[in-house]
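Participant: okay, here's the prediction I keep looking at, along with the sequence it came from:
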Amino acid sequence: MSGHGTPIPMTSTPCGPLTGEANVPGDKSISHRSIILGAMAVGETRITGLLEGEDVLDTAKAMRAFGATVTKHDDGSWSVQGVGVGGFAEPEGVIDCGNSGTGVRLIMGTMATSPIAATFTGDASLNARPMGRVTDPLALFGTQAVGRAGDRLPMTLVGAVDPVPVTYTTPVPSAQVKSAVLLAGLNAPGQTVVIEKEATRDHTERMLAGFGAEISVEEAPEGRKITLTGQPELRPQVIVVPRDPSSAAFPVCAAIITPGSDVLVPNIGLNPTRAGLFTTLQEMGADLTYENMREEGGEPVADLRAKFSPNLKGIAVPPARAASMIDEYPVLSVVASFAEGVTDMQGVKELRVKESDRIDAMAKGLRAAGVTVDEGDDWWTVTGLGHGNVPGGATVASVLDHRIAMAFMVMGMASQKPITVDDGTPISTSFPIFEGLMGALGAKLST
């Protein structure tokens with residue numbers, strides 16, 4: 001399925017217990033960064049467990065356009081022959097990043113301090129998303145950007161000929177913005193500093209250190225201060241990509257709300273900047289446990305076991321936790337629908353500018369399915385109906401957003417009547433095996 005083609009409705013019908021093992025795809029954030037940093041290293045980086053969804057494949061195509069050699073091998077592993085920091089060639093064609101906000105923003109940062117020009121575009125959803133939050137700090141390096149009104153794609157970036165290091169405080173918590181600035185700083189002389197008032201996912205910092213960059217992180221009075229020394233020679237790596245906690249969210253949440261379920265989700269990355277959903281579910285009373293906890297490649301990893309949890313309670317999710325679970329609020333709101341009481345989600349204005357306005361999309365869909373939702377600019381509440389009491393029976397809009405579509409497919413597994421999304425095709429951009437994986441556990445999905 002593709003987020004670019006003819007809409008294909010998808011329906012989730014109430015099902016029996018979900019049981020078995022859910023082998024979710026590799027982590028998308030680490031997959032993007034593995035290819036990008038591999039392209040900036042000198043030598044060959046080998047990658048196993050790469051997520052092969054459209055988003056990551058578009059990033060691989062982009063790195064090829066900039067001169068790196070990116071190859072998939074017969075055993076399923078990948079290799080990236082890098083061109084070194086500052087070694088990017090000017091691409092001959094337009095860089096199409098499909099549906100991926102992470103891909104386009106990280107790639108913009110990566111090329112922003114090389115003396116080349118590149119034009120970026122994407123699908124209808126990506127082209128509607130604002131890029132000023134990235135191009136504004138990149139301009140401090142000397143990069144120029146020209147795009148459509150509202151700083152939207154298609155957009156051409158002209159890299160800085162003589163980049164200067166910058167010190168930048170992120171105005172809102174955003175791992176994409178932070179990462180774009182750090183990647184741009186790789187080819188700037190001296191030290192580039194990023195200060196974030198709230199910690200966001202730190203894969204970029206961890207992986208830059210692994211590739212040999214000189215990078216430090218300290219807690220300063222003004223916030224979390226990340227200092228990167230520019231113009232290093234990055235060393236190629238052997239990378240095992242852990243499985244994606246954002247993808248694990250869907251079978252985990254489905255098991256928690258579907259009677260009789262017992263699902264094991266192995267090898268999940270539990271980076272503390274990513275695992276907020278699982279902490280929140282446990283606070284709500286979910287039967288969710290960690291097994292075989294370990295560390296792989298500097299990242300904490302465990303197997304998650306999720307069981308049906310009939311006595312969920314609504315809670316107030318701490319605003320400080322938002323950055324560690326920002327992509328998981330849509331499916332959390334589904335779980336909240338099956339809880340007793342109100343689940344209050346504050347400090348989540350970032351959801352307004354994701355692939356869609358996720359607060360608006362989920363609120364409309366939940367209301368259509370019989371759930372009460374209140375919302376503001378940076379908050380929303382879901383009043384749960386308790387186990388077995390969610391009516392369902394609605395057709396909702398996925399608004400070209402894979403997480404909206406998957407969240408409502410999870411809801412349909414435990415609601416009284418089926419739930420249909422008007423277009424299930426965007427799911428392939430983030431979770432191409434979703435339908436088959438959930439079907440193998442016992443879900444009833446149909447197109």
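Facilitator: Cool, got the structure.
Participant: all contacts plus neighbour counts: C-alpha atoms, from now on.
Facilitator: OK.
Participant: the lowest-mean-pLDDT helix or strand in the chain: what's the following helix or strand?
Facilitator: Across the helices and strands of the chain, mean pLDDT, DSSP states H and E gives its lowest value to helix 427-430, namely a mean of 72. Next in sequence after helix 427-430, counting helices and strands by DSSP states H and E, comes helix 434-441.
Participant: for that following helix, name the packing helices and strands.
Facilitator: strand 19-21 (3 or more CA pairs under 8 Å, 6 or more residues apart in numbering; DSSP states H and E).
Participant: show me what counts as buried in stretch 358-375.
Facilitator: For stretch 358-375, the buried set under the neighbour-count rule, 16 or more other CA atoms under 10 Å, comprises 358-373.
Participant: run the chain-centre distance for that stretch.
Facilitator: Computed by CA atoms, centre = their mean, to the nearest Å, the chain-centroid distance of stretch 358-375 equals 22 Å.
Participant: need the residues that contact it.
Facilitator: For stretch 358-375, the external contacting residues (CA atoms under 8 Å, 6 or more residues apart in numbering) are 330, 333-334, 337, 351-352, 380-385, 390-399, 404, 408, 419.
Participant: for Val263, helix, strand, or coil?
Facilitator: Following DSSP: H, G, I helix; E, B strand; the rest coil, Val263 is assigned to strand.
Participant: swap in Thr11?
Facilitator: strand.
Participant: with adjacent residues omitted, what lies nearest to it?
Facilitator: Residue nearest to Thr11 in three dimensions, not counting chain neighbours: Thr420, with 4.1 Å by CA to CA, 6 or more residues apart in numbering.
Participant: for Thr13, same thing?
Facilitator: Thr13 sits nearest to Pro418 (CA to CA, 6+ apart), 4.3 Å away.
Participant: and that neighbour, how many neighbours does it have?
Facilitator: For Pro418, the count of nearby residues is 24 (other CA atoms under 10 Å).
Participant: state the pLDDT value of it.
Facilitator: In the prediction, the pLDDT value recorded for Pro418 is 98.
Participant: need the phi and psi values for it.
Facilitator: The phi/psi pair for Pro418 (degrees, to the nearest 10) reads phi -60, psi 160.
Participant: so where do the strands sit in the stretch 1-150 of the chain?
Facilitator: Ranges of strands in the stretch 1-150 of the chain, per DSSP state E, counting those that start in this stretch, are 10-13, 19-21, 44-48, 69-72, 78-81, 95-96, 117-121, 144-148.
Participant: got the ones you listed as a markdown table, with distance to Asn292 and mean pLDDT columns?
Facilitator: Below are these laid out as a markdown table (distance: least, CA to CA, whole Å; pLDDT from 0 to 100):
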| stretch | distance to Asn292 | mean pLDDT |
| --- | --- | --- |
| strand 10-13 | 32 | 97 |
| strand 19-21 | 15 | 98 |
| strand 44-48 | 21 | 95 |
| strand 69-72 | 30 | 98 |
| strand 78-81 | 27 | 98 |
| strand 95-96 | 40 | 98 |
| strand 117-121 | 42 | 98 |
| strand 144-148 | 47 | 97 |
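Participant: show me the contacts for the closest residue in space to Ile215 that isn't next to it in sequence.
Facilitator: Distance criterion CA to CA, 6+ apart; nearest residue to Ile215, sequence neighbours excluded, is Leu228 at 4.5 Å. Contact partners of Leu228, counting by CA under 8 Å, 6+ apart, are Leu182, Gly185, Leu186, Gln191, Thr192, Val193, Ala213, Glu214, Ile215, Ser216.
Participant: helix or strand: which one has Leu228?
Facilitator: Secondary structure (DSSP H and E) places Leu228 in strand 223-229.
Participant: what's in contact with whatever helix or strand comes next after that strand?
Facilitator: Proceeding N to C from strand 223-229, the next assigned helix or strand is strand 238-240, under DSSP H and E. Outside strand 238-240, the residues that touch it by CA under 8 Å, 6+ apart are Ser34, Thr45, Arg46, Ile47, Thr48, Gly49, Leu50, Glu296, Gly297.
Participant: sketch out the low-pLDDT regions of the stretch 301-447 of the chain for me.
Facilitator: 429-430 (pLDDT under 70).
Participant: how about a cut-off of 80?
Facilitator: The model of the stretch 301-447 of the chain has pLDDT under 80 over residues 354-355, 428-432.
Participant: where along it do the helices fall?
Facilitator: Secondary structure of the stretch 301-447 of the chain (DSSP state H, counting those that start in this stretch): helices at 329-337, 358-368, 402-412, 427-430, 434-441.
Participant: pick the most buried one from the ones you listed.
Facilitator: Among the helices of the stretch 301-447 of the chain, ranked by average contacts under mean count of other CA atoms under 10 Å, first place goes to helix 402-412 (a mean of 28).
Participant: narrow the contacts of Leu228 to those in helices?
Facilitator: Mapping those onto helices (DSSP state H) picks out Leu182, Gly185.
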